[in-house]
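# generate coordinates for the sequence data below:
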Amino acid sequence: MATDTTTPVHEPLGEPRLSTRDKLVLFVLCAAQFMVALDFSVLNVALPTLGADLGMSQSGLQWAVTAFALPSGGFLLLFGRIGDLYGRRRLFLTGLALFGAASLLATFAWDPASFLTGRALQGLGAAAIVPTGMSLLTTTFPEGPARDRALGISGTLLSLGFTVGMVAGGVLTDAFGWRSTMALLTLFAVLVLPLAPTLLPESRTPDRPRLDVPGAITVTAGLLSLIYALSTAADHGFARTDVIVTLIAGILLLAAFVSIESRTPQPLVSLPMLRRRTVAWGNLGGLVTFSMMSTVVFVLTLYLQEILRLSSFETGLVFGVQGVLSAVAGICAPKVIGRVGARRTLVASLTGQAVLTAALLTLNTHTWSVWVATAAVSLASMCHLGAIISYGLTVTSGVPDEEQGLATGLVTSTQQVGITVGIPLLGVLATTSGDLMAGVHTVVGIDAAILLGAAVLVAAGLRSRRAGSGGGRGGAARRAVVRRRRGRTSPPPAPGPTGPGAARPPSPCSSAACSCGTRG
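Modelled structure (predicted):
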């Protein structure tokens, strides 16, 4: 049975202190994650200029985004598991080197084929960087305040990367041309790669089980098909034959993957892990917060530029405020989680994001609406950031180190699918509406309703099975403080199967293969 790495509740509460080496490790891992987040948005503003320079058609420009999205989302689970088995540090460094080389190729691309090759290799490198980087973070920083803080910083930079990419893409393209956006990513890789080998520890599973090849093939092909269908539908709708075929193929392949995993002695994804309440409901919360925020950003960009007639730079300023407040939320969220627990923070964040998204229903054609839009989307992003951090902690908490790559692979797959699925499913309602203002209101209303529904479902799904559980690690820590204040100085009981400090007899749930989701 895996060793429980949960921080004991009798440790002093307060801000965790990181050593200089810990800070450098965190810098390397977060810089790599930030670099990948930049790549998702830095090219968006530059697409028209890029197309004219390389001779790409309007429909071909979609592949500038899709060529990156396909491998970056399709190979996440596979690379996360390969990192578990053969070394996370090794795969992280390989992905980082590949990403840097691919960015250099894209910078000096001479035709559409060379550019799209660079973008596809960037996506492949990102698929190796993201799950292994998250695994190295969760295995380097033990469960407790230190991991909360590390994931808080990582989540902040992930969210900030998307916003900074949108603003920086416009500025760089206007000043130096579209190639400067790819050069920026090359520079990031060149700065991070020399530091990583000496700072990052190697980590892998103690044994070397075989890789589940049938499972790897079906889940990778299924994700590739699904992401292609959703990415293409975002631009062309769901009526196209290739969208319908790949969407059905993706669903069938993922169903086949579940069937294969149920019969494989050493599965790529442990089905008991997927049945854990924390994994299932935590990922649902993550999927909804990512998909709904990406949709809001998309329709708000249309609203600001098409209805209020703001320039690209002015639109970038609106999202710049969003980025600043997201950074503030990233600092505050771990402290909130330490007090009330990840579950309550996730539910509250989804609810807050829903309420503030609903505030966008007051938007109209008057110029003063820009202030409402800025305030609402910025505050909603603070709740969104809280949901990002708390759902990551919810999913990975209590998972053995040898399965952290799988758990973080699920987390990052949720992020990728969430970012991809929102715009084609909801954003198309705004783009196809005869009245854009009415379309924006429709999308915003549905968005807020989905968020609120998800908050209710997550709250019910993660509800403690014992009354008075105290809401997770935060509740246990508060009870420990009360005991000390009352003079009960004896150490609390060792962490039990349902979390730190739970005075409960051992049960079958203490197994690493727990299927009820209460362990950790």
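# what helix or strand is the residue nearest to Ala189 when sequence neighbours are not counted on?
Excluding the flanking residues, the one nearest Ala189 by CB to CB, 6 or more residues apart in numbering is Gly100, at 2.9 Å. Heads up, the C-betas are built off the backbone N, CA and C, glycines and all. Secondary structure from DSSP states H and E places Gly100 in helix 88-107.
# ok, Met273 next?
Secondary-structure element containing Met273, defined by DSSP H and E: helix 271-274.
# same question, Leu50
Assigned by DSSP H and E, Leu50 falls in helix 47-54.
# buried stuff in the helix or strand that that helix is followed by?
Stepping forward along the backbone from helix 47-54, the first helix or strand reached (DSSP H and E) is helix 62-74. Buried residues in helix 62-74, counted by 16 or more other CB atoms under 10 Å: 62-74.
# tell me who's in contact with Phe34.
Shown in contact with Phe34 (CB atoms under 8 Å, 6 or more residues apart in numbering): Leu157, Leu158, Leu160, Gly161, Phe188.
# low pLDDT regions in the stretch 351-500 of the chain?
Low-confidence segments of the stretch 351-500 of the chain (pLDDT under 70): 401-406, 408-409, 420, 423-424, 427-428, 431-433, 464-500.
# now the helices: where do they sit in it?
For the stretch 351-500 of the chain, the helices defined by DSSP state H, counting those that start in this stretch cover 369-396, 404-422, 428-431, 436-461, 473-485.
# centre-most residue in the protein?
Residue closest to the average C-alpha location in the chain (CA atoms, centre = their mean): Gln415, at 3.5 Å.
# contacts for stretch 219-239?
Contacts for stretch 219-239 (CB under 8 Å, 6+ apart): 59, 62, 65-66, 69-71, 73-78, 240, 242-244, 246-247, 249-254, 256-257, 268-269, 413, 416-417, 420-421, 423-425, 427-428, 432.
# same question, stretch 342-353
Residues outside stretch 342-353 that contact it (CB under 8 Å, 6+ apart) are 282, 285, 288-289, 292-293, 333, 336-337, 340, 379-380, 382-387, 389-391, 393-394, 397, 451-452, 454-455, 458-459, 462, 471-474.
# on that earlier part again, avg pLDDT for the helix holding Leu50?
Model confidence over helix 47-54, given as mean pLDDT, is 79.
# who are the packing partners of that helix?
helix 62-74, helix 112-140 (3 or more CB pairs under 8 Å, 6 or more residues apart in numbering; DSSP states H and E).
# list the buried ones in that helix?
Leu47, Leu50, Gly51, Leu54.
# adding distance to Leu104, write those residues out as TSV.
Output for the buried residues of helix 47-54, formatted as TSV (distance: CB to CB, whole Å):
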residue	distance to Leu104
Leu47	20
Leu50	16
Gly51	21
Leu54	16
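# returning to that earlier point: what residues are up against the residue nearest to the centre of the chain?
Residues in contact with Gln415 (CB under 8 Å, 6+ apart) are Leu158, Gly286, Phe290.
# now do the helix or strand hosting the second one against helix 369-396, angle only.
So the one you mean is Gly286. Element membership for Gly286, per DSSP H and E: helix 277-302. Orientation of helix 277-302 against helix 369-396 (axes from the mean of the first three to the mean of the last three CA atoms, to 10 degrees) gives an angle of 160 degrees.
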